[in-house]
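have a look at this fold, sequence not included:
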Ligand code: TMP
């Protein structure tokens, strides 16, 4: 089997970190060789771009600069990490990918989705994730959890309404791409969240193997 590309998405405080560890354990239990990575980031240069994007600053970051930086990091990450892994038969587990750009820059910031689609085509050609798990939680709960972790980054300083748009964006993406996306109710107790994630992964693997 060729390497598969799995992405994890969701608004702030949905529990991506804990659940990524769970997915890593699932991949290990199936003896699947994988690379675990994240966006923005994933290579030294792309991690520097991440710093630029997340650092709160006085200077207003223009929407198009933010969008282009996201795709600049992604181009680097694809060339140096994601594509080589998939081409060599390894699986890739990525904490966020282009759905985050549609959700945050598109739905959140109000940028034109056709423009995002053009950049997606330029940077990724026809590469898309094979499976996307969208962890969904009411925004208020997620923001409360996120605020307990660390000082808020540039995105975490946004208003609740911004994250409401991002959340609805993710749900719209899931409706538009039901063959690829699975929405997981992340407001459930952790063991129920992980039962649902395991079910989505097992279904995906069964489909791929049939
Ligand atoms: P993280 O906190 O999940 O690591 O993600 C960093 C932030 O970057 C998060 O607030 C979402 C944001 N982001 C975008 O706005 N667009 C993107 O394309 C990606 C990958 C992340």
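Happy to help now that I have it. Since the model is a prediction, treat every value here as computed from it, not as a measurement. Residues are numbered from 1 along each chain as shown.

every contact and neighbour count from this point should use C-alpha atoms.
Will do.

now the lowest-mean-pLDDT helix or strand in the chain: how far from the chain's centre is it?
Within the chain, confidence by mean pLDDT, DSSP states H and E is lowest for helix 139-147 among all helices and strands, at a mean of 91. Offset of helix 139-147 from its chain centre (C-alpha atoms, centre = their mean, to the nearest Å): 18 Å.

in this protein, where is pLDDT below threshold?
Applying pLDDT under 70 to the chain picks out residues 1.

ok, the residue nearest the centre of it to residue 209 distance?
The residue lying closest to the centre of the chain (C-alpha atoms, centre = their mean) is residue 96, at 1.6 Å. Distance of residue 96 to residue 209, given as C-alpha to C-alpha, to the nearest Å: 25 Å.

what about stretch 119-132, distance to the chain center?
Centre to centre, stretch against its chain (C-alpha atoms, centre = their mean), the figure for stretch 119-132 is 13 Å.

and that stretch, what's buried?
For stretch 119-132, a neighbour-count test (16 or more other C-alpha atoms under 10 Å) marks 119, 120, 123, 124, 128, 129, 131, 132 as buried.

quick one, what contacts the second one?
In other words, residue 120. Counting by C-alpha atoms under 8 Å, 6 or more residues apart in numbering, residue 120 touches 71, 98.

renumber starting at 46 from here on
Sure thing, new numbering starts at 46, so read that last one as residue 165.

now do stretch 84-99: everything it contacts.
111, 114-115, 117-119, 121-122, 125-126, 139-142, 198-200.

could you do stretch 195-205 as well?
Outside stretch 195-205, the residues that touch it by C-alpha under 8 Å, 6+ apart are 57, 98, 99, 100, 101, 102, 184, 185, 188.

give me the neighbour count for the fifth one.
With neighbours defined by other C-alpha atoms under 10 Å, the count for residue 101 comes to 16.

same check on the last one?
Applying the criterion other C-alpha under 10 Å, we find 20 residues in the vicinity of residue 188.

quick one on the thing from earlier: does the least confident helix or strand of the chain reach the ligand?
No. Helix 184-192 lies out of reach of the ligand by C-alpha under 6 Å from any ligand atom, never closer than 9.2 Å.

dump the residue contacts of the residue of the chain found nearest the ligand.
In the chain, no residue comes nearer to the ligand than residue 146, which is 3.5 Å away by C-alpha to the nearest ligand atom. For residue 146, the contacting residues are 112, 115, 161, by C-alpha under 8 Å, 6+ apart.

which of the residues in stretch 146-166 are buried?
146-154, 156, 161, 164-165.

which bits of this structure sit near the ligand?
Residues of the chain lying near the ligand by C-alpha under 6 Å from any ligand atom: 84, 85, 115, 141, 142, 143, 145, 146, 149, 150, 200.

got TSV for the residues you listed, with secondary structure too?
Compiled in TSV, the residues of the chain next to the ligand are given as follows (DSSP: H, G, I helix; E, B strand; the rest coil):
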residue	secondary structure
84	coil
85	coil
115	helix
141	coil
142	coil
143	helix
145	helix
146	helix
149	helix
150	helix
200	coil
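
so where do the helices sit in the protein?
Ranges of helices within the chain are 61-74, 89-99, 108-122, 128-132, 143-145, 158-169, 184-192, 205-221, 235-254, based on DSSP state H.
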